[in-house]
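>>> Need coordinates for the following:
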Amino acid sequence: MPNLYDFTVKKQDGTDFSLSHFSGKVLLIVNTATGCGLTPQYEGLQKLYDTYQEQGFEILDFPCNQFKNQAPGTATDINNFCSLNYQTTFPRFAKIEVNGKASDPLYQWLKQEKKGLLGQSIEWNFAKFLIDREGHVVKRFAPTTPPEKIIAEIGKIL
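Predicted coordinates for the structure are as follows:
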């Protein structure tokens, strides 16, 4: 049975990055967008990261431009926006697709592990997957679930 650590993703510069790098950590994986009504969630995500990072918590940010082109621009544009507006410091990876035939293998696996309101489709930007220290999906949160509402779930597995 695969777990998160079996996957390789692309860093923003296009090079491969093994998620085994995060072995033993609690992770929150989020598909994000800089021009979405939910973009202010970056603030709450950064607060979670600041609060729990020293306890082995990481947030993995995967920009996605599939939903009404709400993540336009280059990696530099996205990084500048997030840094200037929300002071984000958690890891950000290359833009990916989360639905359809070109869906990234990581997201194919995440959606199989935990279905959402639309089954195996990602509903919108800021869908969140909580991963335990063994690399298994514990819970999926709807895009509209604010980061502050998942603190208890993170606390259960930290």
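
>>> Bridged to the residue most central in space within the chain, which residues?
Most central in the chain under Cα atoms, centre = their mean is V30, positioned 1.9 Å from the mean C-alpha point. Listed beta-bridge partners, V30: D61, K128 (assigned using DSSP bridges).

>>> who touches it in this structure?
V30 sits next to 45, 59-62, 126-129 when contact means Cβ atoms under 8 Å, 6 or more residues apart in numbering. Any C-beta I mention is one placed from the backbone N, CA and C, and that applies to glycine too.

>>> ok, 7 Å please
V30 is in contact with 45, 59, 61-62, 126, 128, counting by Cβ atoms under 7 Å, 6 or more residues apart in numbering.

>>> Which one of the residues you listed sits in the busiest neighbourhood?
In terms of neighbours by other Cβ atoms under 10 Å, the contacts of V30 top out with F126 at 27 neighbours.

>>> From the chain's centroid, how far away is whichever strand or helix holds F81?
Per DSSP states H and E, F81 falls inside helix 75-86. Its chain's C-alpha centre and that of helix 75-86 lie 16 Å apart, by Cα atoms, centre = their mean, to the nearest Å.

>>> right, and the helix or strand after it?
For helix 75-86, the following helix or strand on the C-terminal side (DSSP H and E) is helix 105-113.

>>> before we move on, the earlier item: residues in contact with the helix holding F81: which ones?
12, 34, 42-43, 46, 63, 71, 88, 92, 94.

>>> okay, among these, which ones form the most distant pair?
E43 and A94 (23.1 Å; Cβ to Cβ).

>>> Write the ChimeraX selection for whichever of the contacts of helix 75-86 are buried.
This is the ChimeraX syntax for the buried subset of those, where burial follows 16 or more other Cβ atoms under 10 Å:
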select :12,34,42,46,63,71,88,92,94
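
>>> Out of the contacts of helix 75-86, list just those in helices.
Using DSSP state H, the members of the contacts of helix 75-86 that fall in helices are 42-43, 46.

>>> what's the closest of those to A102?
Y42 (25.1 Å).

>>> Leaving out the residues flanking it, which one is nearest to the closest one?
Sequence neighbours aside, Y86 is the residue nearest to Y42 in space, at 3.8 Å (criterion: Cβ to Cβ, 6 or more residues apart in numbering).
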